[in-house]
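Q: I would like to see how this sequence folds:
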Amino acid sequence: MNKKGINTFYDSVCGVELFKAPIGRTFDEWEAESKEHGWPSFRTQEMNKDNVKFDEKTGYVTSSCGTHLGSYLPDDKGPRFCLDLSCLSGNSAGPTFIQ
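A: From the prediction side, this is the model:
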């Protein structure tokens, strides 16, 4: 994790870009919120709106390729997306080689 810059998070299944964080807050603020909830926690300004979909009624957050990412859990600061760490990757999808 780059504590002095912006980190990009990708879908661990199909590799599309999901979130960039921290944006509009410090790394320490992002990390503290994530640790408080026990899940990587993102805000609307950090979301790639082309690749992240959410349903306010069910709370489901999914990627554009259908991966269930976690939950939409708004709080007093606004929309919040708490994601399952196993659904995130620090790298985009590269070529897959099957032997």
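Q: okay, helices next: where are they in the protein?
A: 27-37 (DSSP state H).
Q: so what's residue 9 bridging to?
A: Going by DSSP bridges, residue 9 is paired in beta bridges with residue 19.
Q: for it, give its distance to residue 76.
A: Going from residue 9 to residue 76 by CB to CB, to the nearest Å gives 24 Å. The C-beta positions use only the backbone N, C-alpha and C, and glycine is treated the same way.
Q: who has more neighbours out of the two?
A: residue 9 (22 against 5; other CB atoms under 10 Å).
Q: on the pLDDT front, check residue 93 for me.
A: Per-residue confidence (pLDDT) for residue 93: 64.
Q: by contact count, what packs against the one helix or strand in the chain whose mean pLDDT sits lowest?
A: In the chain, the helix or strand scored least confidently by mean pLDDT, DSSP states H and E is strand 88-89, which has a mean of 76. Identification of packing neighbours for strand 88-89 by 3 or more CB pairs under 8 Å, 6 or more residues apart in numbering; DSSP states H and E yields strand 7-11.
Q: now the angle from the strand it packs on to helix 27-37?
A: Taking axes from the mean of the first three to the mean of the last three CA atoms, to 10 degrees, one finds strand 7-11 and helix 27-37 inclined to each other by 40 degrees.
Q: can you show me the CA trace of strand 7-11 as CSV?
A: The C-alpha trace of strand 7-11 is given here as CSV (Å, rounded to 0.1, in the frame of the first residue of the first chain):
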residue,chain,number,x,y,z
ASN,A,7,-3.9,3.1,-4.4
THR,A,8,-6.0,1.4,-7.1
PHE,A,9,-8.2,-1.5,-6.3
TYR,A,10,-9.4,-4.0,-9.0
ASP,A,11,-11.9,-6.8,-9.2
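Q: what is it packed up against?
A: Using 3+ CB pairs under 8 Å, 6+ apart, strand 7-11 sits against strand 17-21, strand 88-89.
Q: rank those strands by pLDDT, which is bottom?
A: Among the helices and strands packed on strand 7-11, strand 88-89 scores lowest, at a mean of 76.
Q: within its sheet, name the partner strands of that strand and how each one runs.
A: By DSSP bridges, strand 88-89 pairs with strand 7-11 (antiparallel).
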